[in-house]
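Undergrad: Quick one, what's the 3D model for this:
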Amino acid sequence: MSRKRSTPHVAGTTNSSVELLLAEPIPSLGLPGDLVRVKPGYARNYLIPQGLATVATEENRHAVEKHRARLLELQANEIKQLEGLADRIAAHSVTIEANANEEGQLYGSVNQNDISRSLIEAEFNVAPEQIKLSGVLKELGMYTVPVQLHEHVEAEMKVWVVPSAEEMDEEE
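TA: Below you'll find the model as predicted:
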């Protein structure tokens, strides 16, 4: 006579899934505070030990909600600071000297790195990846360049590409 072994029932599990509260955002699952069902092994071996999720108890739900509120508050403060930076960047213009021929065509080009370097010299901490050029600048002139500081914060700034001072002296 064979006896079927029964596994003990664990609270929050149903037929090979565990109910967890996410503590951190996980692209395939959800955001902090979300209630998710995952396989027990995934929960036991990865999510819980890494601190990415916790067992869904009332106490943990409350803690995760407090954590989520704090994250939202920090994000709101960050966006407010970035909006102030965006206003200052929009009021600022950058002048970049470049070698060009008589028709105004640059011998090289001006790219995100050049603009970022100029902004950093003016004490604006902007990475080259945040400057959204549709292509490199290859002519003398004035350009309006978008700067993406955050997913929800963008500024437009003026970039002047002018002939280098050495060229101006040679022409005179």
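
Undergrad: How about the spatially most central residue of the chain, nearest residue that isn't a chain neighbour?
TA: The residue lying closest to the centre of the chain (C-alpha atoms, centre = their mean) is His150, at 5.8 Å. Excluding its sequence neighbours, the residue lying closest to His150 (C-beta to C-beta, 6 or more residues apart in numbering) is Leu82, at 5.0 Å. (C-beta placed from N, C-alpha, C; glycine too.)

Undergrad: Can you tell me the SS state at that neighbour?
TA: helix (DSSP: H, G, I helix; E, B strand; the rest coil).

Undergrad: list the contacts for it?
TA: By C-beta atoms under 8 Å, 6 or more residues apart in numbering, the contact set of Leu82 is Leu149, His150, Val153.

Undergrad: Between the two ends of stretch 95-112, how far is it?
TA: End-to-end distance of stretch 95-112 (C-alpha to C-alpha, to the nearest Å): 13 Å.

Undergrad: Also stretch 24-40?
TA: 18 Å.

Undergrad: Quick check: buried residues in that stretch?
TA: For stretch 24-40, the neighbour count (16 or more other C-beta atoms under 10 Å) marks Ile26, Leu29, Pro32, Gly33, Val36, Val38 as buried.

Undergrad: Quick one: residues in contact with that stretch.
TA: By C-beta under 8 Å, 6+ apart, stretch 24-40 touches 10, 13-14, 16-23, 47, 51-53, 56, 64-65, 67-68, 71.
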